[in-house]
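A.B. asks: need a structure here:
(2 chains)
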Amino acid sequence: DAGVTQTPRHEVAEKGQTIILKCEPVSGHNDLFWYRQTKIQGLELLSYFRSKSLMEDGGAFKDRFKAEMLNSSFSTLKIQPTEPKDSAVYLCASSLEGRGGEQYFGPGTRLTVL
Amino acid sequence: GQQVQQSPTSLVLQEGENAELQCNFSTSLNSMQWFYQRPGGSLISVFYNPSGTKQSGRLTSTTVIKERRSSLHISSSQITDSGTYLCAVNYAQGLTFGLGTRVSVFP
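C.D. replies: A predicted model of the protein is given here:
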């Protein structure tokens, strides 16, 4: 079975641009998560979907970050407009079980905003 | 707030030595996982261990919920064990991560 896939693996954007990151969860998984990883803050939850419904929209990340789950096998994370402080690795994860199930992570997208 | 604290921050081992990594969490949890990550690499799930003890090869994880702690034991460390080990706790929605323990194993 394929694991979680993410594209692109690397993205370079100018400040103010709009970027869209993509994720395909493990087939059959009901929960999908977006995280951000930086050296200073570590890993932080951005969004959480359960059966395509948005359960967590990331609090402090709400204003410029928007995650969508168009169908059960595809999700996007849009950042608009990008700022240099958004430079980070963006990770997508999925889980089969409900609350508290084991999460499987994709390889991540490394975003650099100039 | 709900936090996850890991110790030590870093660890230097000579090949063959044992090590124990600690993770402490602040409130009741749904589950917890240990992950391994090389610099620039993916997050690899090492253990999904909501409670009790699990072993995989030279790695053993023990979670004691009532004491709000989990440990990861590495026995007979090898150079390939070098990397960062992250503890993550599911309190409600999504995982809350610790900052990790960076392990360096030298010959």
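A.B. asks: Enumerate the positions of stretch A:40-57 that are buried.
C.D. replies: Neighbour-count burial for stretch A:40-57, counted by 16 or more other C-beta atoms under 10 Å in any protein chain shown, picks out A:42-50, A:56. For every residue, glycine as well, the C-beta is placed using N, CA and C.
A.B. asks: same deal with stretch A:89-97?
C.D. replies: A:89-95.
A.B. asks: Nearest residue to residue A:5 in space, please, no chain neighbours.
C.D. replies: Closest residue in space to residue A:5, ignoring its immediate chain neighbours: residue A:24 at 4.6 Å, by C-beta to C-beta, 6 or more residues apart in numbering or on different chains.
A.B. asks: Run a quick neighbour tally on that neighbour.
C.D. replies: Neighbour count for residue A:24, taken as other C-beta atoms under 10 Å in any protein chain shown: 18.
A.B. asks: Tell me the confidence at the closest residue to chain A within chain B?
C.D. replies: With C-beta to the nearest C-beta, the shortest gap between chain B and chain A falls at residue B:30, namely 3.0 Å. On the pLDDT scale, residue B:30 is placed at 82.
A.B. asks: any idea how far it lies from residue A:87?
C.D. replies: Separation of residue B:30 from residue A:87 (C-beta to C-beta, to the nearest Å): 32 Å.
A.B. asks: ok, now residue A:44?
C.D. replies: Relative to residue A:87, and taking C-beta to C-beta, residue A:44 is found at 14 Å.
A.B. asks: Get me the contact residues on chain B for chain A.
C.D. replies: B:29-31, B:33, B:35, B:42-45, B:48, B:50, B:86, B:88, B:90, B:92-100 (C-beta under 8 Å from any C-beta of the partner chain).
A.B. asks: which of these are buried?
C.D. replies: Buried subset of these (neighbour count, 16+ other C-beta under 10 Å): B:29, B:31, B:33, B:35, B:42-43, B:48, B:50, B:86, B:88, B:90, B:93-100.
A.B. asks: How far off centre is the helix or strand residue B:70 falls within?
C.D. replies: If you go by DSSP states H and E, residue B:70 is part of strand B:69-74. In this view, strand B:69-74 has its centroid 6 Å away from the chain centroid, taken as C-alpha atoms, centre = their mean, to the nearest Å.
A.B. asks: Show me which residues of it are buried.
C.D. replies: B:69-72, B:74.
A.B. asks: Sheet partners, orientation included, of it?
C.D. replies: Strand B:69-74 pairs in its sheet with strand B:19-25 (antiparallel), strand B:59-64 (antiparallel), by DSSP bridges.
A.B. asks: Could you identify the helix or strand that succeeds the longest one?
C.D. replies: Just to be clear, that refers to strand B:19-25. Per DSSP H and E, the first helix or strand lying C-terminal to strand B:19-25 is strand B:31-37.
A.B. asks: List the strands paired with that next one, with their directions.
C.D. replies: Here, using DSSP bridges, strand B:31-37 pairs with strand B:44-48 (antiparallel), strand B:83-90 (antiparallel).
A.B. asks: tell me the mean pLDDT over the first one?
C.D. replies: pLDDT averaged over strand B:44-48 equals 94, rounded to a whole number.
A.B. asks: Close to chain B: what parts of chain A are there?
C.D. replies: Neighbours of chain B within chain A, by C-beta under 8 Å from any C-beta: A:33, A:35, A:42-45, A:48, A:55-56, A:91, A:93, A:99-108.
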